[in-house]
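*Asks:* Need a 3D model of the sequence below.
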Amino acid sequence: MLRLGSPELAGAETGLHGCVNIVVISPCVTAKEAAAGAELPRRSPLRTGALKILTRTRSIHTFLIMKAEYDRNKRGLLQGLEGGKGGAGDTGGADGKDDSGGKASRAAVGKDDSGGKASRAAAGRVSKVSSRAAFGAASARVSAAAVMMIMILLTVLLGLAGCRQEEVAEPFEPTESHMAYREGLEKMDLADTELGRRWITAAEEAFGQAVEIEMPFKEDLFFDPADPEAQGYLFTAERGRSIRITIERGDEADLRLFADLFRLDSEGFEPEEQVASYSREEDALVFEPRRDNRYVLRIQPELLRGGMFTVTIIEEPVLAFPVEGKSMVDIQSFFGDPRDGGRRRHEGVDVFAPRGTNVLAVTDGVVRRVGTRDLGGNIVLLWDERRNLHYYYAHLDAQYVVSGQRVSVGDPLGAVGNTGNAITTPPHLHFGVYEPRFRAVDPWNFIKPGRGAPDEPVKLDGAEGSFVRTVAEVPSDDPREAVPAGTILRVRGIGPETVRAILPHENRIIEVSYPVIEPAGSIDRTAGPGTEIGSSVDPLDPFLYSAPEPRGERIAQLQPSDSVSLLGTSGSFLFVETPAGVRGWMRRM
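*Replies:* Alright, predicted model coming up:
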């Protein structure tokens, strides 16, 4: 292990933290994250990301660590050949403080004759054959290390170009770790209890049962404290967009709530890597995908806690619009359009505007180049340090900045014109986005405005976090899954137009529109209040349950003479209320 700041890494750029080993460098995480991942459980998604073995590398820092480790191992092998003074000298030479140490080390491999004699004298009665065998074995080890180093170097070179991470507001180090909480349940032997198993199962099933949504999205989400649950939201995020997720906790400010964002695999079904986590110290989780992909946001409260939460997910462009007073409707030439009779493709978008209209910095950055080119005419090249992208402004009538100048988003960089090969066209700005090595990227998603704020969820009096009852049949493509009128549903989520609710006896989630439901707090008018249950109660099962079996617990025992109010039904169960105000489920005959 090498500590950054050690003599072996003297002169290297700073920026990594912690202690790393060359065999656990992740393709897309920092050394700090890799070291942290080594301590995570074997099946942790974060550990999976942190312990991928040298397939790619994030930066040249990784190479420096590998090189220093290799050099140190090689010196150690040579030191072992020499022993005595040679060994001490090699240690001094490694730190660069004792030149004689380096000489002694060279003597050990036969490059200094006097050193070789000293080494043989120190060895005493060791035969020449033994010395040659030892040297041969050590040489083989050094050669093997050299081969490994070559493989590492090839891996570094192949990996430098392809490694891109989602960008979050801060490095991903969750302060409210779902995995740590799960480990705590296991250490306290709670993971094997009924509640513990259901909590863990709910977390795992949230991916396969995630609700597919489109942004902007807003929903009032309810968790029943007595029923361990987790909710997954599935959505597609595109490169060039900034995704913002907020969760309002209402009256449950002290609740421990786990909200984790996962990137799905190439098939779009299984979680591949956890990329961000929401914590109570933050007002929002903001991230930028580095490529188009599908993501799942999993939300789960701690055991025996619940309540109502408002989840909002919106998307916005990562860049401001590049021309003052203009919008997407002013783009009249698009990325990929043919140019020069099809010999090349358009590597940007053209925003048409009157001559002299200001062109603006789309983000904070540094002006890399101000000049004139054959095709682009008067140009400005802006470097985005945060995203390592360049933004190309061409055909300018005037340039207001100089190379090396730092600018802020919205600062004027120049004026719209038609210089260069646009001399025969109306004034416009050619705007391009370029990755390292000047690979062109379609700017469209980077500057396209978001869809605005989502619609507000409907407020149902008495229904939030409780039960609703269908007032008409809820049809289904499968007639066997149609929900009859009078069925009780437990609310999970309330949106602007529909309610997602759970069929209690099946634990199945359905989506219904508002006209077919009503709050279940009122008495079922089809049965009327004061319904006697003597003819309905099962004498072998005269109990009131917290939920339809097998998940429900007994909360009261009913007598044939008891009179209750029927609130609704769910499968073979009746949802009733006793005169004392106790609500529960009873099995009907």
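*Asks:* what about residue 185, which helix or strand?
*Replies:* Remark: residue 185 resides in helix 178-187, with elements defined by DSSP states H and E.
*Asks:* Flag the shaky bits of the stretch 401-550 of the chain, pLDDT-wise.
*Replies:* Low-confidence segments of the stretch 401-550 of the chain (pLDDT under 70): 461-465, 521-538, 549-550.
*Asks:* The residue nearest to residue 466 when sequence neighbours are not counted: neighbour count?
*Replies:* Among residues not flanking residue 466 along the chain, residue 491 sits closest, at 6.3 Å (C-beta to C-beta, 6 or more residues apart in numbering). C-beta here means a position set from N, CA and C on the backbone, and glycine is covered the same way. Other residues near residue 491 number 24, with proximity taken as other C-beta atoms under 10 Å.
*Asks:* Pull out the buried positions in stretch 327-341.
*Replies:* Across stretch 327-341, burial judged by 16 or more other C-beta atoms under 10 Å covers 330-331, 335.
*Asks:* ok, of these, which one's closest to residue 231?
*Replies:* Set against residue 231, the nearest of the buried residues of stretch 327-341 by C-beta to C-beta is residue 335 (37.3 Å).
*Asks:* For the closest residue in space to the closest one that isn't next to it in sequence, list the residues it contacts.
*Replies:* Spatially, and ignoring its direct neighbours in sequence, residue 335 is nearest to residue 442 (4.1 Å; C-beta to C-beta, 6+ apart). Neighbouring residues of residue 442 by C-beta atoms under 8 Å, 6 or more residues apart in numbering: 240, 335-336, 433.
*Asks:* For residue 501, give me its contacts.
*Replies:* Shown here is residue 501, whose contacts under the criterion C-beta under 8 Å, 6+ apart are 468, 489-492, 509-512, 517.
*Asks:* Can you flag which of those residues belong to strands?
*Replies:* The subset of these located in strands under the criterion DSSP state E comprises 468, 489-492, 509-512, 517.
*Asks:* Any quick ChimeraX command for the buried ones out of these?
*Replies:* In ChimeraX, the members of those classed as buried (16+ other C-beta under 10 Å) are selected with the following command:
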select :468,489,490,491,492,509,510,512,517
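*Asks:* Now do the following helix or strand past the helix holding residue 185 against helix 178-187: the angle between them, please.
*Replies:* Next in sequence after helix 178-187, counting helices and strands by DSSP H and E, comes helix 194-208. Using axes from the mean of the first three to the mean of the last three C-alpha atoms, to 10 degrees, the interaxial angle of helix 194-208 with respect to helix 178-187 works out to 150 degrees.
*Asks:* Confirm for me that residue 490 is in contact with residue 504.
*Replies:* Yes: counting by C-beta atoms under 8 Å, residue 490 sits close enough to residue 504 to count as a contact (5.6 Å).
*Asks:* now the strands for the stretch 151-300 of the chain?
*Replies:* Listed in chain order, the strands found in the stretch 151-300 of the chain under DSSP state E, counting those that start in this stretch are 167-168, 211-212, 217-223, 231-237, 241-248, 257-264, 271-278, 285-288, 293-301.
*Asks:* which of those has the lowest average pLDDT?
*Replies:* Ranked by mean pLDDT, those bottom out at strand 167-168, which scores a mean of 60.
*Asks:* Relative to residue 360, which of the strands of the stretch 151-300 of the chain is closest?
*Replies:* With C-beta to C-beta as the measure, strand 241-248 is the member of the strands of the stretch 151-300 of the chain nearest residue 360 (18.1 Å).
*Asks:* Now tell me what touches the closest one from outside.
*Replies:* Everything outside strand 241-248 that qualifies as a contact, by C-beta under 8 Å, 6+ apart, is 215, 237, 257, 259, 261, 278, 283-289, 295, 297, 299, 309-318, 445.
*Asks:* count of residues packed around the residue nearest to residue 472 when sequence neighbours are not counted?
*Replies:* Beyond its immediate neighbours in the sequence, the residue positioned closest to residue 472 (C-beta to C-beta, 6+ apart) is residue 516, lying 4.7 Å away. Applying other C-beta under 10 Å, we find 17 other residues in the vicinity of residue 516.
*Asks:* so residue 516 touches residue 475, yeah?
*Replies:* No: Residue 516 lies out of contact with residue 475 (C-beta under 8 Å); the separation is 9.7 Å.
*Asks:* how far away is the residue nearest to residue 472 from residue 504?
*Replies:* 17 Å (C-beta to C-beta, to the nearest Å).
*Asks:* need the strands of the stretch 151-300 of the chain in TSV with mean neighbour count and distance to residue 202, can you?
*Replies:* TSV is the format used below for those (neighbours: other C-beta atoms under 10 Å; distance: least, C-beta to C-beta, whole Å):
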stretch	mean neighbour count	distance to residue 202
strand 167-168	16	25
strand 211-212	14	14
strand 217-223	22	10
strand 231-237	21	9
strand 241-248	19	18
strand 257-264	23	11
strand 271-278	21	15
strand 285-288	20	21
strand 293-301	22	7
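*Asks:* For residue 455, which of the ones you listed is the nearest?
*Replies:* Closest approach to residue 455 among those (C-beta to C-beta): strand 217-223, 6.9 Å.
*Asks:* The closest one: partners in the sheet, and parallel or antiparallel?
*Replies:* Using DSSP bridges, strand 217-223 pairs in its sheet with strand 307-317 (antiparallel), strand 488-494 (antiparallel).
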